[in-house]
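Visitor: here is a sequence together with a model predicted from it:
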Amino acid sequence: MTLDIRQLGAFLCVAHHGTLGRAAQTLNITQPALSRTIKRLEDQVGAPLFERHTTGMVLTPFGHALLPHAKVLQHEADQATEEIDALR
């Protein structure tokens, strides 16, 4: 399984904001596009990452398991980008 850093960023944003609407607004993408991104990530990991409710989205046990790893991967990607930018 290969994890896409953009999908992980979307996952982290939804986990942080608790709703697709607020996360989509933060990411400057449409809510349906964000929903598809989350669905693709869930298909890729083979498990639901969020419970969907009318009031928002809540992490499932699978989502809680992915969360710390997604944070580390996002941090490492950000660090790599910063280091490369500094070298330019």
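Guide: Structure received. If you're wondering where the values come from, they're calculated on a predicted model, not measured in any experiment. Residues are numbered from 1 along each chain as shown.
Visitor: gap between Asp78 and Lys71?
Guide: According to Cβ to Cβ, to the nearest Å, Asp78 stands 11 Å off from Lys71. Placement of C-beta: from N, CA and C, glycine included.
Visitor: work out which residue lies at the spatial centre of this structure.
Guide: Closest to where the C-alpha atoms of the chain average out (Cα atoms, centre = their mean) is Phe11, at 1.6 Å.
Visitor: quick one: contacts of the host helix or strand of it?
Guide: Following DSSP states H and E, one finds Phe11 within helix 5-17. Outside helix 5-17, the residues that touch it by Cβ atoms under 8 Å, 6 or more residues apart in numbering are 20, 23, 26-27, 34, 37-38, 40-41, 44, 49-50, 57, 59, 63, 66-67, 70-71, 73-74, 77.
Visitor: could you list the buried residues of that helix?
Guide: Within helix 5-17, the residues that count as buried by 16 or more other Cβ atoms under 10 Å are Gln7, Leu8, Gly9, Ala10, Phe11, Leu12, Cys13, Val14, Ala15, His17.
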